[in-house]
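Chemist: predicted structure and sequence below. I'll ask about it afterward.
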Amino acid sequence: MMIHMQQKTILGAVIVVVLVAGGVVAWNFTATSGVPTTTESPTSSTTASNNVTQPEWKSYTDSTTGFTFKYPAQYVVEASPLPPGDWGSRRLLMVDDNPDSTSTKARALPMTVDLQKQPVTADGKIYHTIAEYQQSGAAAEMMQGVTNPNGNIVSVNGTQTLLYHIPPADSTGIGGDSYLFIHNDLIYQVGINPDNPLAIQMLNSINWQ
């Protein structure tokens with residue numbers, strides 16, 4: 001009887017040990033197989049990456065026309081002041097992404113801005129909206145050699161503009177996109193390099209003060 005009781009006691013102790021050990025194993029499995037945690041902020045690496053890849057931006061405003069846009073700080077804006085009195089068409093500014101280059105090879109600038117003062121020289125008329133300018137045919141006459149002669153009316157930063165695609169020239173291999181805006185008595189022709197994502201961001205920042 002005593003031996004039988006000792007056997008039962010030993011068996012009970014073994015069962016307890018097995019259950020405790022099993023519980024420890026189960027707890028360890030649950031603790032190690034759950035979702036891992038980290039002390040690093042999930043946004044810190046993204047923020048650091050953005051700081052590396054995103055350039056610092058500056059704002060430029062032409063004091064005569066109020067034309068304004070943002071551009072990368074490493075780019076240079078070369079502006080030509082508008083002359084007083086009568087003038088027809090002229091360049092307002094260009095944005096250069098490599099102003100120190102000594103290469104004589106033609107290259108596409110990120111952005112150029114040309115002005116045409118109304119009345120339009122071609123027909124002596126004044127246009128108040130870009131749709132009116134498109135329908136007149138005067139814009140198509142000015143933008144010869146483009147792939148879409150009638151242009152496409154699109155919206156840039158909430159302003160209607162007439163978009164033309166300029167194919168690469170045979171001599172230089174340089175093409176681009178040209179956007180026509182009308183503001184007050186001026187027609188703006190903004191040329192950009194569509195292969196430059198920063199140029200597209202500059203285009204989308206255009207406004208008037």
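Modeler: Noted; the coordinates are in hand. Numbering: from 1, shown residues only.

Chemist: checking Q160 next. Helix, strand or coil?
Modeler: Following DSSP: H, G, I helix; E, B strand; the rest coil, the label given to Q160 is strand.

Chemist: so it makes contact with I153?
Modeler: Yes - using C-beta atoms under 8 Å, Q160 is in contact with I153, at 5.9 Å. Heads up, the C-betas are built off the backbone N, CA and C, glycines and all.

Chemist: now do the shared contacts for the two.
Modeler: I130, A131 (C-beta atoms under 8 Å, 6 or more residues apart in numbering).

Chemist: okay, now the unreliable bits of this structure?
Modeler: Where the chain drops to pLDDT under 70, the residues are 1-54.

Chemist: need the strands for it, in chain order.
Modeler: With strands called from DSSP state E, the chain shows them at 57-61, 67-72, 76-79, 89-96, 111-117, 152-156, 159-166, 176-183, 186-192, 207-208.

Chemist: mean neighbour count and distance to A140 for the ones you listed - can I get that in a markdown table?
Modeler: Below are those laid out as a markdown table (neighbours: other C-beta atoms under 10 Å; distance: least, C-beta to C-beta, whole Å):
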| stretch | mean neighbour count | distance to A140 |
| --- | --- | --- |
| strand 57-61 | 13 | 30 |
| strand 67-72 | 19 | 24 |
| strand 76-79 | 14 | 29 |
| strand 89-96 | 17 | 17 |
| strand 111-117 | 21 | 14 |
| strand 152-156 | 13 | 12 |
| strand 159-166 | 18 | 9 |
| strand 176-183 | 20 | 11 |
| strand 186-192 | 21 | 13 |
| strand 207-208 | 16 | 25 |
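
Chemist: can I get those in JSON lines including distance to V146?
Modeler: Formatted as JSON lines, the strands of the chain follow (distance: least, C-beta to C-beta, whole Å):
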{"stretch": "strand 57-61", "distance to V146": "27"}
{"stretch": "strand 67-72", "distance to V146": "23"}
{"stretch": "strand 76-79", "distance to V146": "25"}
{"stretch": "strand 89-96", "distance to V146": "17"}
{"stretch": "strand 111-117", "distance to V146": "15"}
{"stretch": "strand 152-156", "distance to V146": "11"}
{"stretch": "strand 159-166", "distance to V146": "4"}
{"stretch": "strand 176-183", "distance to V146": "8"}
{"stretch": "strand 186-192", "distance to V146": "12"}
{"stretch": "strand 207-208", "distance to V146": "25"}
